[in-house]
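*Asks:* Take a look and give me a structure for this.
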Amino acid sequence: MQPYILVMEDEDALATLLQYNLEKEGYDVTVAADGEEGMLQIDERQPDLVLLDWMLPKLSGIEVCRRIRGKAETRNLPIIMLTARGEESDRVRGLDTGADDYLTKPFSMVELIARIRAVLRRIRPGLADDRLNHGDIIIDRVSHRVKRSGQEVHLGPTEFRLLDHFMQHPGRVFSREQLLDAVWGSDVYVEARTVDVHVGRLRKALAIGDDSANPIRTVRSAGYSLDLEG
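*Replies:* Coordinates of the predicted model:
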């Protein structure tokens, strides 16, 4: 089951970026552009975590936080506050109001994802057991460990992200360009042939024993896919 995250952010560009990156990580995401809309969304479907901007229109992030903590049914809802206010007094105020964590803009998506996982591990441990299973491969996204047929598979960070992406879309063929965008990001320039190098390393790491068919398939003139029966 995908953890459901409600993003309450009025900056369209940031809200879109947050939704894209969180969905890429496997979360179910809804965006609310103001505090009142956000509270309505919570009433309709309670999220597993709220990303809450401090400076929301109609109802401020601080007031939203107070209202969430003031209702019995949402009192324990995890909240991470996002704000451009970096002063210590502001951080203390946000945390005192009930936020579980506090991130100052601008922030990196890598740090945000790490903070989300940490909060879910602490408050909703059942959701933090983030594993993908396909065939004889198990990938644990929390501990960054991979096993195949019960044996530990040692991967570098890029190979781990590649396998994670393939396992989210088993059977789908990805071109080098699509893998570059999904694994390295669209804002980083990397030669397309670099994908071949890392896929080669991933295939080698997954080759356990002579009888194990390699799950990463090369599709001529198209790209690569995880071609493994689950």
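*Asks:* So for the residue positioned nearest the centre of the chain, what's the nearest residue that isn't a sequence neighbour?
*Replies:* Most central residue of the chain, judged by C-alpha distance to the mean C-alpha position with C-alpha atoms, centre = their mean, is Glu25 at 3.0 Å. Spatial nearest neighbour of Glu25, chain neighbours left out: Ile113 (5.8 Å); criterion: C-beta to C-beta, 6 or more residues apart in numbering. All C-beta atoms are positioned from the backbone trio N, CA, C, and that covers glycine.
*Asks:* The one you found is in contact with Gly26, isn't it?
*Replies:* No - with contacts defined as C-beta atoms under 8 Å, Ile113 does not count as touching Gly26, sitting 10.4 Å away.
*Asks:* So between those two, which is more surrounded?
*Replies:* Neighbours per residue (other C-beta atoms under 10 Å) separate Ile113 from Gly26, with Ile113 holding more: 16 against 13.
*Asks:* what's the helix or strand for the more buried one?
*Replies:* Assessed by DSSP states H and E, Ile113 sits inside helix 109-123.
*Asks:* any idea how this protein splits into domains?
*Replies:* 2-121, 129-224 (the TED database).
*Asks:* Now tabulate the ones you listed in JSON lines and tack on mean pLDDT.
*Replies:* JSON lines is the format used below for the domains of the chain (pLDDT from 0 to 100):
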{"stretch": "domain 2-121", "mean pLDDT": "88"}
{"stretch": "domain 129-224", "mean pLDDT": "84"}
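*Asks:* Please identify the most buried of the ones you listed.
*Replies:* For the domains of the chain, ranked by mean neighbour count under the definition mean count of other C-beta atoms under 10 Å, the leader is domain 2-121 at a mean of 17.
*Asks:* Start and end of that one, how far apart?
*Replies:* With C-alpha to C-alpha, to the nearest Å as the measure, domain 2-121 spans 14 Å from end to end.
*Asks:* Quick one: end-to-end distance for stretch 21-32.
*Replies:* Between the opening and closing residues of stretch 21-32 there is a gap of 16 Å (C-alpha to C-alpha).
*Asks:* My read is that Ala15 contacts Val7, right?
*Replies:* Yes - with contact defined as C-beta under 8 Å, Ala15 and Val7 form a contacting pair (6.0 Å).
*Asks:* got any residues that touch both of the two?
*Replies:* A shared contact of Ala15 and Val7, defined by C-beta atoms under 8 Å, 6 or more residues apart in numbering, is any residue touching both; here these are Val31.
*Asks:* which residue packs closest to Leu202, ignoring adjacent ones?
*Replies:* Leaving out its chain neighbours, the residue that sits closest to Leu202 by C-beta to C-beta, 6+ apart is Glu159, at 4.4 Å.
*Asks:* Point out the other helices and strands that whatever helix or strand the one you found lives in packs with.
*Replies:* Secondary-structure assignment from DSSP H and E places Glu159 in helix 157-168. Under the contact definition 3 or more C-beta pairs under 8 Å, 6 or more residues apart in numbering; DSSP states H and E, helix 157-168 sits against strand 131-134, strand 137-140, helix 193-206, strand 223-226.
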